[in-house]
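K.L.:
Any chance you can model this:
(2 chains)
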Protein chains: 2
Amino acid sequence: MKESLRVSTSKTNEQIADIEKELRYIAGIIKHKGREILNNYPITTPQFIALQFLLEHGDMTLGELSKKINHAFSTTTDLVDRMEKNEIVKRVKDTKDRRVVRIHLLEKGKKIIHEVVEKRQDYLGEVLINVNDEEIGQLSKLLHLLHNEMKYEKEKGKV
Amino acid sequence: MKESLRVSTSKTNEQIADIEKELRYIAGIIKHKGREILNNYPITTPQFIALQFLLEHGDMTLGELSKKINHAFSTTTDLVDRMEKNEIVKRVKDTKDRRVVRIHLLEKGKKIIHEVVEKRQDYLGEVLINVNDEEIGQLSKLLHLLHNEMKYEKEKGKV
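P.N.:
Next up is the predicted model:
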């Protein structure tokens, strides 16, 4: 398996190395910029990541959320406790099965995440100001491709 | 300034939002994968980031390194102390000006960083296995463009 991979990608090994390096630096800059933006908000980076999943996927149980954010159940519990205290999320019981508890995003949490995402978009808008529409379109297309292949690779790893 | 930005990018606001989201998710996956790889090595994520800069730019003073990795001087000192104890880096005095001390990457550190980067490349090679050469080339070109624009934006912010 490993061997056939090496052969089929041998032509582009240098490009893979190059892409890995660029992605590493870009991810680093995004992380730093993200932290800078969060300085003005009462949430931490892991809390932001949890909130973005709650906004995207709706209410989730602690188990579902801890899987999404790749943290241990206990870490996720602490994280949610702090956000609940801060009135950013609340725990709600399922109306049909009251043993099931889900984390629900409150208005304050929604407002924070929308503002933070908007600030990230503003930053990216400024970064891309001199990039033409065709390149913007290509970048968007290729990032979707990369993201999809990453998700596929993750699923494959589970089999 | 802000106003003219809004106007000139208005056509692509949706695409900017889309790119921000994809980059956010991709950066998250890369971070998680990077952590998974580091589990097998005696270094932490901030140590890996410091090592990658030392490998790329050569020996640096504590001040230069702390600026590169965006950490406080005291945090960087602790980080270097731990890596020096672990024989990954060592402090060396400048031969011309013995008051100047630089952090130097040792063989053990070089070996670790090369192995970790190779594992990251292997992962990306597997992710991109079904992506054709033309798309790989475009992706590489556009990531360089994005990275350069990010660097330019950072420099601009300093003026």
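
K.L.:
from here on, contacts and neighbour counts on C-alpha atoms
P.N.:
Noted.

K.L.:
Contacts only, for residue A:77.
P.N.:
With contact taken as Cα atoms under 8 Å, 6 or more residues apart in numbering or on different chains, residue A:77 is in contact with residue A:62.

K.L.:
What helices and strands are in contact with the helix or strand harbouring residue A:146?
P.N.:
Taking DSSP states H and E as the definition, residue A:146 sits inside helix A:133-158. Here helix A:133-158 touches helix B:13-38, helix B:107-127, helix B:133-158, going by 3 or more Cα pairs under 8 Å, 6 or more residues apart in numbering or on different chains; DSSP states H and E.

K.L.:
quick one: which of those helices is nearest residue A:138?
P.N.:
Closest approach to residue A:138 among the helices and strands packed on helix A:133-158 (Cα to Cα): helix B:133-158, 8.0 Å.

K.L.:
Same question for that closest one: list its buried residues.
P.N.:
The neighbour-count criterion (16 or more other Cα atoms under 10 Å in any protein chain shown) identifies B:136, B:139-147, B:149-150, B:153 as the buried residues of helix B:133-158.

K.L.:
Which single residue of chain A approaches chain B most closely?
P.N.:
The minimum distance from chain A to chain B, using Cα to the nearest Cα, falls at residue A:27 (4.9 Å).

K.L.:
Just give the nearest non-adjacent residue to that residue, would you?
P.N.:
Spatial nearest neighbour of residue A:27, excluding adjacent residues (Cα to Cα, 6 or more residues apart in numbering or on different chains): residue B:27 at 4.9 Å.

K.L.:
Test for you: state the pLDDT assigned to that neighbour.
P.N.:
We have a pLDDT of 94 for residue B:27.

K.L.:
quick one: it and residue A:121, what's the gap?
P.N.:
Note on residue B:27: its distance to residue A:121, by Cα to Cα, to the nearest Å, is 15 Å.

K.L.:
and stretch A:61-81, which residues are buried?
P.N.:
In terms of neighbour count (16+ other Cα under 10 Å), stretch A:61-81 has its buried residues at A:61, A:62, A:65, A:66, A:69, A:76, A:77, A:79, A:80.

K.L.:
can you give me how far that stretch is from the chain middle?
P.N.:
14 Å (Cα atoms, centre = their mean, to the nearest Å).

K.L.:
Repeat that for stretch A:122-131.
P.N.:
That offset, for stretch A:122-131, works out to 20 Å (Cα atoms, centre = their mean).

K.L.:
following the helix or strand that contains residue A:92, which helix or strand comes up?
P.N.:
Here residue A:92, judged by DSSP H and E, is contained in strand A:89-93. Downstream of strand A:89-93, the first helix or strand assigned by DSSP H and E is strand A:101-105.

K.L.:
Centre of the chain to that next one, how far?
P.N.:
The answer for strand A:101-105 is 19 Å, by Cα atoms, centre = their mean.

K.L.:
Same question for stretch A:112-125.
P.N.:
A distance of 14 Å separates the centroid of the chain from that of stretch A:112-125, by Cα atoms, centre = their mean.

K.L.:
Can you pull the poorly scored residue ranges out of chain A?
P.N.:
Along chain A, the model assigns pLDDT under 70 to residues A:1-11, A:158-159.

K.L.:
Quick check, central residue of chain A?
P.N.:
Using Cα atoms, centre = their mean, the residue of chain A that lies closest to the mean C-alpha position is residue A:49, 5.6 Å off.

K.L.:
which one is that residue nearest to, not counting chain neighbours?
P.N.:
Closest to residue A:49 by Cα to Cα, 6+ apart is residue A:69, at 6.8 Å.

K.L.:
Touching, the one you found and residue A:48? I think so.
P.N.:
No - at 10.2 Å, residue A:69 does not count as touching residue A:48 under the criterion of Cα atoms under 8 Å.

K.L.:
before we move on, the earlier item: wait, what's in contact with the residue nearest to residue A:27?
P.N.:
A:23, A:27, A:30, A:31.

K.L.:
at 10 Å instead, please
P.N.:
A:23, A:24, A:25, A:26, A:27, A:28, A:29, A:30, A:31, A:147, B:21, B:33 (Cα atoms under 10 Å, 6 or more residues apart in numbering or on different chains).

K.L.:
Return the members of the residues you listed classed as buried.
P.N.:
Neighbour-count burial (16+ other Cα under 10 Å) applied to the contacts of residue B:27 gives A:23, A:24, A:25, A:26, A:27, A:28, A:29, A:30, A:31, A:147, B:21.
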